[in-house]
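Colleague: heads up, no residue letters with this:
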Ligand code: KG4
Ligand code: ZN
């Protein structure tokens, strides 16, 4: 994205390590994304059926520096060329966050560059702005990741108003837990989505929690329990077609709820732009349903590039750069870091 000439031009190094992906990137406010690199720990956590926090932290330590070297090499810029370092300060796994924070602050200290802690969800929220045809403000954003499901009104950088959120499980969590019940691997989202393509619609009906509630909140734990009830005692001898039918029923139910709440949020705010961010935003069935609704109801829906839906360093470098453009003093030469494993997005509002 080309930015206004009046804003300061800078190169920001981004460091993401909040969960099971180590992401490093260099974002230049004049030339866009210079380079980015990612290491996913999925294969390592797979055999445990979920993320093992201690293993995650150790792996971030192993990966971060080589990825950083790769990114500087790819971008063809020396370390001295960066203006600031942005790292994910939270929310996320405490140990994993500490790795990224300590590496970012250590590098900042050695290069005499200021550092800035970035909110992971702000990274997701702004990631569609990295696309070639970015949305203009204001827009409604559906943030659907492994730990969060929120509808936000976004009026500008730092101007976020929470419209609704899940009262229990996040959408990604529902995908992962339901996939596990079906004996699929971790992370379950992509696996259950692929399997659903082979299922027949309507064989099973699953609940659509809070579909008709007046507010913009979500609830997904009942959906997961309904999947459990369906497959209980049968998982050992459930046939592949039936598994696919359950997967289809699950995906249809969750997509219905997510789409209905997005439509309600657009109606409530009167806005015509919808942005989808976070890992579940990579889901094809959700994208198809939203695209169909957008065509019918005449609004526009924006997605991040597929590779920037799930965790990555580019969105952190970008969010850091956007923050610094509106307030260059936001990055400090204060290298005594702390991380925020729990950190509501509303706390970073600037207006
Ligand atoms: O945003 P993200 O990478 O990490 C968090 O910040 O949580 O999101 C990860 C979540 C996981 O729950 C994963 O199963 C889900 O996103 N996910 C998907 C798909 N790709 C990733 N869910 C449904 N369909 C997908 N294609
Ligand atoms: Zn994330």
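Modeller: Received it, and whenever you're ready, just let me know what you need. Because the structure is predicted, anything quoted here is derived from the model rather than measured. Residues are numbered from 1 along each chain as shown. Ligands and ions are numbered 1, 2, ... in the order given.

Colleague: and the stretch 101-250 of the chain, which of its residues are near ligand 2?
Modeller: residue 145 (CB under 5 Å from the ion). (Each C-beta comes from the backbone N, C-alpha and C, glycine too.)

Colleague: Phi, psi for the residue of the stretch 101-250 of the chain at minimum distance from ligand 1 please.
Modeller: Of all residues in the stretch 101-250 of the chain, residue 189 sits closest to ligand 1, with a separation of 2.2 Å (CB to the nearest ligand atom). With angles defined as degrees, to the nearest 10, residue 189 sits at phi -50, psi -60.

Colleague: Quick check: it touching residue 174?
Modeller: No. Using CB atoms under 8 Å, residue 189 is not in contact with residue 174, being 9.3 Å away.

Colleague: higher neighbour count, these two?
Modeller: Neighbours were counted for residue 189 and for residue 174 using other CB atoms under 10 Å; residue 174 has more, 30 against 25.

Colleague: Any idea how many residues pack against the closest residue to that one other than its chain neighbours?
Modeller: Counting by CB to CB, 6 or more residues apart in numbering, residue 220 is the residue found nearest to residue 174 once chain neighbours are left out, at 3.9 Å. Neighbourhood size, residue 220 [other CB under 10 Å]: 26.

Colleague: Surely residue 160 is within a strand?
Modeller: Yes. Under DSSP: H, G, I helix; E, B strand; the rest coil, residue 160 falls within a strand.

Colleague: so who does the spatially closest residue to it that is not a sequence neighbour touch?
Modeller: Leaving aside its sequence neighbours, residue 160 sits nearest to residue 152 (CB to CB, 6+ apart; 5.1 Å). Neighbouring residues of residue 152 by CB atoms under 8 Å, 6 or more residues apart in numbering: 125, 140-141, 143, 160-163, 345.

Colleague: show me what contacts residue 17?
Modeller: 23, 60, 64, 87-88, 92, 96-97, 99-100, 103.

Colleague: Hmm, residue 100 and residue 60 touching each other?
Modeller: Yes. Counting by CB under 8 Å, residue 60 touches residue 100, with 6.5 Å between them.

Colleague: Sketch out the strands for the stretch 101-250 of the chain, chain order is fine.
Modeller: 115-119, 139-144, 149-156, 159-165 (DSSP state E, counting those that start in this stretch).

Colleague: Distance to residue 107 and mean pLDDT added to those, as CSV?
Modeller: Below are the strands of the stretch 101-250 of the chain laid out as CSV (distance: least, CB to CB, whole Å; pLDDT from 0 to 100):
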stretch, distance to residue 107, mean pLDDT
strand 115-119, 8, 98
strand 139-144, 29, 98
strand 149-156, 30, 97
strand 159-165, 29, 96
